[in-house]
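**Q** next input, structure requested:
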Amino acid sequence: MNALLLAKALRDPGSVLSLGSGQWNALIAMARAEQLIGTLAHRLAGLPLPSAAERLLKDAREQAVFVRRQALWEAERARVALNGLGIPVILLKGTAYAAAGLKAGVGRSIGDLDILVPRQALPGVERALLASGWEWVKPDPYDDQYYRRWMHELPPLIHRERDRMIDVHHTILPLTARQRPDAAALIGDCVALGHGLFILSPEDRVLHCVAHLLADGDLAGGLRNLWDLHCLLEEYEGDQQRLRARARMHGLAPHLARGQRLAAFLFGGGGAPVRLSDRPYVARLLARDEWGRETRPFTRLAFYIRSHWLRMPPLMLARHLWIKSGSRTLTGQRTSHDGRPGLQPREERTAP
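**A** Down below sits the predicted model:
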């Protein structure tokens, strides 16, 4: 068994009506592990489900409502903090989907608040957030320098009272990545939501999702990101040639094509064919067992190595991993799964 069970339930909600109790247990476990339980709950709403499953899914729908409200409140707090700087505050990922009422935001799990601002505005943004109660997450000098010099975002900040994280981006991929999206175009073509908040253009929403899924990471939790992409593509009403041209401008054309094939294969109506080169991606995306645990360790390792290869040149990568491994040995600090300077577990990310 693998996560194809979950993909099928999202694609065709009626397929769950024939599931036995063991399959229901597996479906719920996989959905939780992939942070898709709220999405699944909304997809299955109104179907005649087993009472135990319906109770769990009802709770998930209620939790998703709370998460959405909390995410939008955090976005509003950021807007207030940055008011007066004269810059657009562009919401990204789950908060953007929820704020814009997009299909991808229905039931979606939303963690940190991600925003995009012009790079030249970062000093002012940083000062405003610090003055409004955010603070650095246990800063380490190497981590701080790494983020500021090479990453696409400031070091993460957490609010001292609300314990909520904010990631302030100035572009959508690390500066060391093989692709270099046009940050000025991303910001220049953003769309106003009102009240000082913005989201990316329809094309750039698709392409940011593609970049996050396929150009920046090891596909851990990739089914949620692929579902986002599927929903964004379904709602995209623009010209496909414009989307492809925009992808070429950002250096993401091959990733867009692969993302479209994967989304059609797993979530499209007919199970569209994929290329031979896509099959490792499918295997990685579906690598869950009936307990929700990750499987295919060698496939996961291959994508972990790939994520580092995409992120930075070999010599820089070797130096980075050497420094981080020494840091962990001396201080116990962790490195994140995608090789960025590590964040501590949530219970350790409190103010000193």
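**Q** name the element Leu193 belongs to?
**A** Using DSSP states H and E, Leu193 sits within strand 191-194.
**Q** check which helices and strands that strand sits against.
**A** strand 197-199 (3 or more Cβ pairs under 8 Å, 6 or more residues apart in numbering; DSSP states H and E). No exception for glycine: its C-beta is placed from N, CA and C like everyone else's.
**Q** give me the residues contacting the strand it packs on.
**A** Applying Cβ atoms under 8 Å, 6 or more residues apart in numbering, the external contacts of strand 197-199 come out as 75-76, 79, 88-92, 96, 99-100, 190-193, 205.
**Q** output the strand holding Leu193 as CSV, nothing but the C-alphas.
**A** Output of strand 191-194 as CSV, limited to C-alpha atoms (Å, rounded to 0.1, in the frame of the first residue of the first chain):
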residue,chain,number,x,y,z
VAL,A,191,-2.4,41.6,-7.3
ALA,A,192,-4.0,43.7,-4.6
LEU,A,193,-6.4,42.0,-2.1
GLY,A,194,-7.2,45.3,-0.4
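**Q** pLDDT of that strand, averaged?
**A** On average, the pLDDT along strand 191-194 is 93.
**Q** just the CA trace of the strand or helix carrying Gly22, in CSV.
**A** Assigned by DSSP H and E, Gly22 belongs to helix 21-33. Below are the C-alpha coordinates for helix 21-33, written out as CSV (Å, rounded to 0.1, in the frame of the first residue of the first chain):
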residue,chain,number,x,y,z
SER,A,21,-11.8,-0.3,8.1
GLY,A,22,-8.2,-1.1,7.5
GLN,A,23,-8.1,1.1,4.4
TRP,A,24,-9.9,3.9,6.3
ASN,A,25,-7.2,3.8,9.0
ALA,A,26,-4.5,4.0,6.3
LEU,A,27,-6.2,6.9,4.5
ILE,A,28,-6.5,8.9,7.7
ALA,A,29,-2.9,8.2,8.7
MET,A,30,-1.6,9.1,5.3
ALA,A,31,-3.6,12.3,5.2
ARG,A,32,-2.4,13.4,8.6
ALA,A,33,1.2,12.6,7.7
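**Q** tell me the buried residues in it?
**A** Using 16 or more other Cβ atoms under 10 Å as the test for burial, helix 21-33 gives 24-33.
**Q** wait, isn't His230 in contact with Gln260?
**A** No. Using Cβ atoms under 8 Å, His230 makes no contact with Gln260, being 9.4 Å away.
**Q** give me the more crowded residue out of these two.
**A** His230 (24 against 20; other Cβ atoms under 10 Å).
**Q** output the helix or strand harbouring that one as PDB, nothing but the C-alphas.
**A** Per DSSP H and E: His230 is located in helix 222-235. C-alpha atoms of helix 222-235 as PDB (Å, rounded to 0.1, in the frame of the first residue of the first chain):
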ATOM      1  CA  GLY A 222       5.100  16.800  -1.700                       C
ATOM      2  CA  LEU A 223       1.600  15.600  -2.100                       C
ATOM      3  CA  ARG A 224       0.200  18.700  -0.400                       C
ATOM      4  CA  ASN A 225       2.300  20.900  -2.700                       C
ATOM      5  CA  LEU A 226       1.200  18.900  -5.700                       C
ATOM      6  CA  TRP A 227      -2.500  19.300  -4.600                       C
ATOM      7  CA  ASP A 228      -1.900  23.000  -4.400                       C
ATOM      8  CA  LEU A 229      -0.500  23.000  -7.900                       C
ATOM      9  CA  HIS A 230      -3.500  20.900  -9.200                       C
ATOM     10  CA  CYS A 231      -5.900  23.400  -7.700                       C
ATOM     11  CA  LEU A 232      -4.000  26.400  -9.000                       C
ATOM     12  CA  LEU A 233      -3.900  25.000 -12.500                       C
ATOM     13  CA  GLU A 234      -7.600  24.200 -12.400                       C
ATOM     14  CA  GLU A 235      -8.500  27.800 -11.400                       C
END
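**Q** elements contacting that helix?
**A** Under the contact criterion of 3+ Cβ pairs under 8 Å, 6+ apart, helix 222-235 touches helix 4-11, helix 93-99, helix 202-214, helix 253-267, helix 279-285.
**Q** go again with 6 Å.
**A** Packing partners of helix 222-235 (3 or more Cβ pairs under 6 Å, 6 or more residues apart in numbering; DSSP states H and E): helix 202-214, helix 253-267.
**Q** which residues are contacting the helix or strand just after that helix?
**A** Next helix or strand after helix 222-235 toward the C-terminus (DSSP H and E): helix 240-250. Helix 240-250 is touched from outside by 181-182, 203, 207, 253, 256, with contacts defined as Cβ atoms under 6 Å, 6 or more residues apart in numbering.
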